[in-house]
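Chemist: Below are the sequence and a predicted model; questions follow.
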Amino acid sequence: MRWQKNPEFRHPTKGSAGWAVVLAGAIVWTASAMAETDAPLVQHGGPAKAVALTGDDRYAVTAGFDYSLVVWDLARLAPLRRLLGHDAPLNDVAVSADGRLAVSASDDGTVGVWNLDQGTLRARLRGHEAKVAAVALSGDGKRAASAGWDGTVRVWDLPSGRELRRFRDPSRRFTTVAFAENGRLLAAGDHTGALRLWRLADGVPLWEKKGNGFPITRLLLLDDRLVTGSIDGTIRGHAVAGGDELFRFEGQEKPVLGLAASATAGRLASGTAAGTIYLWNLAEGRAERVLRAPEGPVWGLAFAGDGRTLYSVHNDGAMRVWEVASGALLAGPPDLYRTATDRLSGHDRGAKLFRTCSKCHSVTPDSENKSGPTFYGLIGRRAGSVSGYPYSRALAESGIVWTEETLARLFELGPENYLPGTRMPFQRMPDPEDRAELVAYIARVTRPENGPQQPGKRP
């Protein structure tokens, strides 16, 4: 099904000053080099995890499981460029008020700092020893905060890339973070549902509210309130001063994964693991509308400045645009987007086993963008040779040629043993019959259309 853009849907645009910085190892594709798909608002291979808008509503930035950020021109609802620089899937993105800067959080344990004017990577801030789950920017765009599964929340000076302050609790995995009081305070939530607030000037903890055992998934500042979304399906508002709970919205049967607020419209929006988006009226304390997105999690949400339009990102890699007043879908695929990889999947044992692989790898000549390189033409190909894909050094320098034998060995030993240092996730298959079925399916479905694959040799 092809996506049709509403011809009456437009955004006001404003000028944006340039800001030059040095490219630091990023891979950038402009709009002309973006993947062509049947659904223009599907640009991520795999889940799109977060979305953030510039202050003038001119651009949106989405972060995906495919290691990439996509910058969107909202007036045309078209992708401008894809940015690559991380070594693992992205979890969150924040954009400065002036739209010049973005920061990203990744499973690779780093915070990316991006110049959006030029589409360049300024720096990767290192220090976390596990995945970075969330990031936030101060109002002036000079500091970033990151929440990590290593039990730390860190504050960074962006002009220098220096770590300014670190809050540590080894017993916690921090999942969310937000600045408050014009950057003077910092709040963070964790996997137990606890919420904390610190004073940044001296690092003094101001308060902590114990959790109920369900992780906080999202945290944002709304005027003088900290608003959280949780795995237990609740949304709670806490006073910045003292942490008292001011309101609670319940009734969502599935975990809250995305959360956005519009002070202008007096609304909250929450996205759930069931693919629903709830619109909450803050003044009346009630849910006023439920938007039915395609089946699958809604990971991220963002309101336009006037609160009339809502942007959402989904498990199918799509961005969708909604009219808040009516709940109408203005743009984006109305049905769950099926990738070419999904269409090729069959019902035999090998096809069923390959479904795990298909989350990261396509098998078609259009080279769908996913978190791993395309498998099209895999047999006989040297490892690390797909143009434009940011391979790990271990894989690029391995010298391996992919044959049915080397693939079987990979699945037998697991990537971490067969290719130490690779970023490939743990996928070990000890059953020899399963390995044979999977390898045979991969060899069959990735064969080029214009002829047989090269036999290759096992090194």
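Modeler: Cool, got the structure. The model shown is predicted, which means the values in this text are computed figures rather than measured ones. Residues are numbered from 1 along each chain as shown.
Chemist: you'd agree residue 70 is up against residue 42?
Modeler: No - Residue 70 lies out of contact with residue 42 (C-beta atoms under 8 Å); the separation is 10.2 Å. Heads up, the C-betas are built off the backbone N, CA and C, glycines and all.
Chemist: If you count surrounding residues, which of those two has more?
Modeler: residue 70 (27 against 24; other C-beta atoms under 10 Å).
Chemist: How about residues contacting the host helix or strand of that one?
Modeler: Using DSSP states H and E, residue 70 falls within strand 68-73. Strand 68-73 is contacted from outside by 43-44, 58-64, 78-84, 90, 93, 102, 104, 112, 114, 116, 119, 319, 369, using C-beta atoms under 8 Å, 6 or more residues apart in numbering.
Chemist: Mind checking which of the residues you listed land in strands?
Modeler: Using DSSP state E, the subset of the contacts of strand 68-73 located in strands is 59-64, 78-84, 90, 93, 102, 104, 112, 114, 319.
Chemist: Please, a ChimeraX command that selects the buried ones among the residues you listed?
Modeler: Here is the ChimeraX command that selects the buried residues among the ones in strands among the contacts of strand 68-73 (16 or more other C-beta atoms under 10 Å):
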select :59,60,61,62,63,64,79,80,81,82,83,84,90,93,102,104,112,114,319
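Chemist: contacting residues around the residue most central in space within the chain?
Modeler: Nearest to the geometric centre of the chain sits residue 49, at 2.9 Å (C-alpha atoms, centre = their mean). By C-beta under 8 Å, 6+ apart, the residues touching residue 49 are 63, 64, 65, 89, 90, 91, 92, 299, 300, 313.
Chemist: out of those residues, who's nearest residue 392?
Modeler: Nearest to residue 392 among the contacts of residue 49: residue 89, at 14.1 Å, using C-beta to C-beta.
Chemist: so what pLDDT did that closest one get?
Modeler: At residue 89, the pLDDT value in this model is 92.
Chemist: how about the nearest residue to it, chain neighbours excluded?
Modeler: Nearest non-adjacent residue to residue 89, counting by C-beta to C-beta, 6 or more residues apart in numbering: residue 65, 4.4 Å away.
Chemist: Could I get the pLDDT score of the one you found?
Modeler: In this prediction, residue 65 carries a pLDDT score of 92.
Chemist: now swap in residue 338 and tell me
Modeler: We note a pLDDT of 53 for residue 338 in this prediction.
Chemist: quick one: the helices in the stretch 351-459 of the chain?
Modeler: Along the stretch 351-459 of the chain, counting by DSSP state H, counting those that start in this stretch, helices occupy 393-396, 404-413, 415-418, 432-445.
Chemist: List the buried residues for the longest one?
Modeler: Buried residues in helix 432-445, counting neighbours by 16+ other C-beta under 10 Å, are found at 435, 436, 437, 438, 439, 440, 441, 442, 443, 445.
Chemist: And for the second one?
Modeler: Residues 404, 406, 407, 408, 409, 410, 411 are the ones in helix 404-413 that count as buried (16+ other C-beta under 10 Å).
Chemist: residues contacting residue 155?
Modeler: Contacts for residue 155 were tallied using C-beta under 8 Å, 6+ apart; they are 143, 144, 145, 163, 164, 165, 166, 186, 200.
Chemist: Touching, the fifth one and residue 143? I think so.
Modeler: Yes - judged on C-beta under 8 Å, residue 164 makes contact with residue 143 at a distance of 6.9 Å.
Chemist: higher neighbour count, those two?
Modeler: The neighbour count for residue 164 versus residue 143, taken as other C-beta under 10 Å, is higher for residue 143 (21 against 14).
Chemist: For that one, give its distance to residue 136.
Modeler: When C-beta to C-beta, to the nearest Å is the yardstick, residue 143 and residue 136 sit 9 Å from each other.
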